[in-house]
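1. Fold the following and give me the result.
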Amino acid sequence: MAASIHPTAIVEPGAQLGPDVEIGAYAFVGGGVTLGTGARLHHHASVEGHTSLGARCEIFPYACIGGKTQDLKFKGGAPGLRVGEGNVFREYVTVHAATYDGDHTVIGSRNTVLAYSHIAHDCVVGDDCVMSNGTMLAGHVIVEDHVVVGGYGGVHQFCRLGAYAMLSATAKLVQDLPPFFIADGTPAVVRAYNKVGLERNGYTGAQLDRVKQIFRVLYRDGLNRSQALAKLSAHPDAATEEFQRVIAFAEKSDRGLAPGA
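-> Predicted coordinates for the structure are as follows:
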């Protein structure tokens, strides 16, 4: 089917609209935008800049997707935003383009970003994440798959959140949060492993036990970071997916891992 465009909406020349796109009253689509099949913009929603939006994404009223970076280092050019399929951006969400010419902010697929949240320039977000109301990601943050951020959780520039991690409501993350763990507080500290989240994602009892062992080594054995990683690497289960995910994450950490409670 052809796109359905409300007569009060503005679609600039050059915009590329896939089949079955719906654009509501007073919505805005910029000339550099590509909307995938079945994308839906509610009334007063905006998609602008050099933005590619995947199939079946849904933009709620007053959200602004693809706006110019707030980074004062911006010197012009055509940075952009790439968004995968099946994402939901609720009311007043803002997602900004990258800062430097040719670079992109990147968001994967099937993410749910709730009202008033902000994803800043040059962030990279994976798949199947949930960001509750008022989540704030500063520039260059990396969020891996299946991450949950509670309401008004804030993340410092260049921090990383590992897969299946959870940042609690109102927490302020200033270092990297390893996969599988829950952090809370201001600044955030690791308090537990994400047992409920992992169970919901199909992790077996044996997998949960391995995650629990990793948590103990990193946060309960009284070891410094180098000692803990050495112990994980020498563990009988070191070759498993759970151990390897955490070891690889820690080895790439520039800001250091969030401390334990």
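2. For Gly162, the count of nearby residues, please.
-> By other Cβ atoms under 10 Å, the residues close to Gly162 number 24. (C-beta placed from N, C-alpha, C; glycine too.)
3. separation between the most centrally placed residue in the chain and Gly77?
-> Centroid-nearest residue in the chain, with Cα atoms, centre = their mean: Val125, separated by 3.3 Å. As judged by Cβ to Cβ, to the nearest Å, Val125 and Gly77 stand 23 Å apart.
4. can you list contacts of stretch 198-216?
-> 146, 164, 180-181, 190, 192-193, 195, 232, 235, 237, 240-243, 246 (Cβ atoms under 8 Å, 6 or more residues apart in numbering).
5. So for that stretch, what gets flagged as buried?
-> Buried residues in stretch 198-216, counted by 16 or more other Cβ atoms under 10 Å: 198, 203, 207-208, 210-215.
6. And for stretch 171-189?
-> 171-173, 175-184, 188-189.
7. so which of the residues you listed comes closest to Gly30?
-> When the buried residues of stretch 171-189 are compared for distance to Gly30 (Cβ to Cβ), Leu173 wins out at 32.2 Å.
8. Who are the contact partners of the closest one?
-> Residues near Leu173 by Cβ under 8 Å, 6+ apart: 153-156, 159, 161, 167, 183, 187-188, 258.
9. so where is this protein shaky, pLDDT-wise?
-> Within the chain, no range satisfies pLDDT under 70.
10. chain center to the longest helix seen in it, what's the gap?
-> What stands out as the longest helix in the chain, according to DSSP state H, is helix 205-219. Computed by Cα atoms, centre = their mean, to the nearest Å, the chain-centroid distance of helix 205-219 equals 24 Å.
11. now the angle between helix 205-219 and whatever helix or strand comes next after it, please.
-> Proceeding C-terminally, helix 205-219 gives way to helix 225-234 as the next helix or strand, assigned by DSSP states H and E. Comparing the axes of helix 225-234 and helix 205-219 via axes from the mean of the first three to the mean of the last three Cα atoms, to 10 degrees yields an angle of 150 degrees.
12. Show me what helix 225-234 is packed against.
-> Applying 3 or more Cβ pairs under 8 Å, 6 or more residues apart in numbering; DSSP states H and E, we find helix 225-234 packed against helix 205-219, helix 241-251.
13. how about a markdown table for the ones you listed, with distance to Gln227 added?
-> Shown next, in a markdown table, are those (distance: least, Cβ to Cβ, whole Å):
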| stretch | distance to Gln227 |
| --- | --- |
| helix 205-219 | 9 |
| helix 241-251 | 12 |
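14. I am finished for the moment; much appreciated.
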